[in-house]
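Enquirer: quick one, what's the 3D model for this:
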Amino acid sequence: MWTFFEYETYLTAVADLMDHPAVRAMERLPQHTKGFSCFHHSVWVSYWSWRVCLRMGLDACAAARGGLLHDLYLYDWTGQRAPNGKWHGTEHPKTALKNAETFFSLSEKERDIIVKHMWPLTLRPYRYLESLVVSCVDKVCAVAELLRLYPDPAAFQSQQAPQFRPVPRSRAA
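Expert: Model prediction:
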């Protein structure tokens, strides 16, 4: 079983984002596996990026905030195309950044995290170590979701520290 550590401290870094209607709109969007939304994925990436950056002595707050907003593209990507007709994998970081800038004031580091989290598809290298951390954590979380090794999505509904445990493969979604 996995548990969140210092969850309340993490929440202070993202409190102004967590309940924003645009961020909560990600709850209606599918992500890598059935039953796990874009919002759940983004919170998971945000929290673990925050933890890694804390451990490394990096800007954990920027990692948490950029991680939460990294997939703020606000459309159903399962058709594999972005609204502009191009491939979602290369286009959604730009869309997420545009949406994030519309709703929030972002630091340069948070912008870099959002727009470069799909490297190497986005080609431009990371400017900050926090961007590398979020990108790597995003990929690990995506694989964990595909393997159904993620926390129960209901755990993300409250601001209580969710208990993480692998979800059995046979679970009906």
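
Enquirer: which SSE is Ala15 in?
Expert: Counting by DSSP states H and E, the element that carries Ala15 is helix 7-18.

Enquirer: and if you look at Val23?
Expert: Here Val23, judged by DSSP H and E, is contained in helix 21-24.

Enquirer: which residues does that helix contact?
Expert: With contact meaning C-beta atoms under 8 Å, 6 or more residues apart in numbering, helix 21-24 is reached by Leu17, Phe39, Ser42, Leu68, Leu69, Leu72, Leu74, Asn99, Thr102, Phe103. C-beta here means a position set from N, CA and C on the backbone, and glycine is covered the same way.

Enquirer: check stretch 48-64 too.
Expert: 5, 10, 13-14, 46-47, 66-67, 107, 109-110, 113, 128-130, 133-134, 137, 140-141.

Enquirer: sort out for me which of the contacts of helix 21-24 are in strands.
Expert: When DSSP state E is applied, those are split such that none fall in strands.

Enquirer: what two of these have the greatest distance between them?
Expert: Farthest-apart pair in those is Phe39 and Thr102; separation 17.6 Å (C-beta to C-beta).

Enquirer: compare those two (neighbour count), which wins?
Expert: The neighbour comparison of Phe39 against Thr102 (other C-beta atoms under 10 Å) goes to Phe39, with 23 against 9.

Enquirer: which residues touch the nearest residue to that one once chain neighbours are set aside?
Expert: With C-beta to C-beta, 6 or more residues apart in numbering as the criterion, Phe39 has its nearest non-adjacent residue at 3.8 Å, and that residue is Met26. The contact partners of Met26, by C-beta under 8 Å, 6+ apart, come to Ser37, Cys38, Phe39, Ser42, Asp71, Leu72, Leu74.

Enquirer: rerun that using 7 Å as the cut-off
Expert: For Met26, the contact set (C-beta atoms under 7 Å, 6 or more residues apart in numbering) comprises Ser37, Cys38, Phe39, Ser42, Asp71, Leu72.
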